[in-house]
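Engineer: what follows is a predicted protein model with its sequence.
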Amino acid sequence: MLWIFYILPLVYCQQVFNFNTDLHDYYVNGQSMLEFHKNLVDIPSVKPSELAVAQYIEQFLSSNGLTVELHKAAENRYNVYAFAGDERNSKILLTSHIDTVPPFFPYSIDGSRIYGRGSCDAKASVATQVFTYLSMLQSGDVVPGDVSLLFVVGEETDGVGMKSVGHSYNASWEIGIFGEPTELKLGVGHKGILMCYVNVEGEASHSGYPELGISATEILLPVLNDFLTSDWPVDELLGPTTLNIAQISAGVAANVIPPFANASIFFRVSSDLEALDKKVRSKLDGIEHLSYDIPFESAPVYLDYEVPGFESIILAYATDIPNLYHHNLTRRYLYGPGTIHVAHSDHEYVESKDLVDAVDGYKKLIKYNLEY
């Protein structure tokens, strides 16, 4: 029976990589990009538990001869910064994020699709950026000072990783290439964000005597209806501003006048964040028993996208790009394998061919900008 211990690993490896028989996988120093991507996906990295995947990337890049640093962004949460030799500065920064949304589910394969949390968003970008850089260094297409790598935590939540990229890195970059699912197209731009929490404090009473209480829901519901039926800013390029009334909570029992009601409202902002902020506040100011908080907002982002050989795409999601405000990049690109339409879902996946094609795409972007 000893033979089974030798045969099973071979069968497993063939099953894992049999979709790639008609593809050109990337190998660097005998290491496979597809296997590296698998290892990334199989390490859970839902906030705030990104440390293990950061350490794995650090070890992998160090073993391939890069200078690698872990930079603390928050307690037990570290960004990974890597470059060739002693050249901390580079013309181009390749960057993506290593955190994922919950819940974690492991790597699996079905035909040409690679499933798993983060398989698309954004460990596909991380893996392809790593192998793009290593293969270009190996071939001599880039030299120290041309490109560096930055992988951050917290993109899916508070942006703490990218926001922490400040002067402590002692590095500068001219051009940023940000990795996210873009269907292998260059992002024209993406919408911004405005988050608003609305809270109503009523007064409980017996539901048979509503005049003795203050119904929090009767105050909140007309406000939400007003938001749903209002017109919001529209941009010719990014389209309409959209809102999502994501969470509603109210009351204690069916026969009690509700003493509280609250809701969270999430805007995808396509135009004029300042005007939107004023309009939201004007609808909420002065309503008795109602309070609100706008804890986070970011403006729409417009990007560089006119590069020969690339299609473009307009994106409704937000990214870490506005959080890299410490550095005045002259050009910013958004590009990566996979589609946002399956990211964050319970069936997140990336096409295996997209991983290979993304390396070619990143190489073209790098070469274009080095020659620009």
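Structural biologist: Nice, thanks for sending it over.
Engineer: so what's residue 90 up against?
Structural biologist: Each residue near residue 90 by Cβ atoms under 8 Å, 6 or more residues apart in numbering is listed here: 83, 145, 146, 147, 148, 171, 173. For glycine as for every other residue, the C-beta is placed from the backbone atoms N, C-alpha and C.
Engineer: let me know the secondary structure of the nearest residue to it once chain neighbours are set aside.
Structural biologist: Once flanking residues are discounted, residue 90 sits nearest to residue 148: 4.1 Å by Cβ to Cβ, 6 or more residues apart in numbering. Secondary structure state of residue 148, per DSSP: H, G, I helix; E, B strand; the rest coil, is strand.
Engineer: so what's residue 148 bridging to?
Structural biologist: For residue 148, the beta-bridge assignment (DSSP bridges) gives partners residue 93.
Engineer: how many neighbours does it have?
Structural biologist: Neighbour count of residue 148, defined by other Cβ atoms under 10 Å: 25.
Engineer: against residue 332, how distant is it?
Structural biologist: Look at residue 148 and residue 332: by Cβ to Cβ, to the nearest Å, they are 15 Å apart.
Engineer: go on, residue 339?
Structural biologist: 21 Å.
Engineer: give me the low-pLDDT residue ranges for this structure?
Structural biologist: 1-24 (pLDDT under 70).
Engineer: quick one: the helices in the stretch 151-300 of the chain?
Structural biologist: 160-163, 216-229, 273-284 (DSSP state H, counting those that start in this stretch).
Engineer: got the ones you listed as TSV, with mean neighbour count columns?
Structural biologist: Shown next, in TSV, are the helices of the stretch 151-300 of the chain (neighbours: other Cβ atoms under 10 Å):
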stretch	mean neighbour count
helix 160-163	22
helix 216-229	16
helix 273-284	15
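Engineer: residue 57 is nearest to which of those?
Structural biologist: Between residue 57 and the helices of the stretch 151-300 of the chain, the tightest spacing by Cβ to Cβ is seen for helix 160-163, at 13.1 Å.
Engineer: which elements pack onto that closest one?
Structural biologist: strand 67-74, strand 77-83 (3 or more Cβ pairs under 8 Å, 6 or more residues apart in numbering; DSSP states H and E).
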